[in-house]
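Colleague: this one's structure only:
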């Protein structure tokens, strides 16, 4: 068994479309978040990949921030 196997075990990687679907945002807005370094990702030769846990954490942070914004009714 490869020594790196355990390091990547359980790691789920997502593409732009997956992230846009999870967050309910357009792909263009996802690219904007990437340019602003607000959404952690890794650039690859075929595009960007995101760790699922990082995307879900980003979503949790957005919801918490929205709770304190008086302009947003949850």
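Modeller: That came through fine. Because the structure is a prediction, the values reported are computed rather than measured.
Colleague: so where is this structure shaky, pLDDT-wise?
Modeller: 1-8, 74 (pLDDT under 70).
Colleague: what about the strands in it?
Modeller: When assigned using DSSP state E, the strands of the chain occupy the ranges 13-14, 42-44, 47-51.
Colleague: For residue 26, find the nearest of those.
Modeller: strand 47-51 (14.7 Å; C-beta to C-beta). To be clear about C-beta, it is placed using only N, CA and C from the backbone, and glycine gets the same treatment.
Colleague: How far off centre is that closest one?
Modeller: Centroid separation for strand 47-51 versus its chain: 8 Å, with C-alpha atoms, centre = their mean, to the nearest Å.
Colleague: what comes up buried for it?
Modeller: Buried residues in strand 47-51, defined by neighbour count with 16 or more other C-beta atoms under 10 Å: 48, 50.
Colleague: could I get the strands of the chain as a markdown table with distance to residue 58?
Modeller: Formatted as a markdown table, the strands of the chain follow (distance: least, C-beta to C-beta, whole Å):
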| stretch | distance to residue 58 |
| --- | --- |
| strand 13-14 | 11 |
| strand 42-44 | 15 |
| strand 47-51 | 9 |
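Colleague: mind checking which of the ones you listed is nearest residue 69?
Modeller: Here strand 47-51 is closest among those (C-beta to C-beta), at 24.6 Å.
Colleague: strands paired with that closest one, and their directions?
Modeller: Strand pairing for strand 47-51, using DSSP bridges, gives strand 13-14 (antiparallel), strand 42-44 (antiparallel).
Colleague: so which of those is the most packed in?
Modeller: Comparing those by mean neighbour count (mean count of other C-beta atoms under 10 Å), strand 13-14 ranks first with a mean of 16.
Colleague: Now find how far off-centre it is within its chain.
Modeller: Using C-alpha atoms, centre = their mean, the offset of strand 13-14 from its chain centre is 9 Å.
Colleague: what does that strand rub up against?
Modeller: 22, 49, 50, 51, 52, 55 (C-beta atoms under 8 Å, 6 or more residues apart in numbering).
Colleague: could you check the angle strand 47-51 makes with the helix ranked longest in the chain?
Modeller: Identified as the longest helix of the chain according to DSSP state H is helix 52-67. Relative orientation of helix 52-67 versus strand 47-51 (axes from the mean of the first three to the mean of the last three C-alpha atoms, to 10 degrees): 80 degrees.
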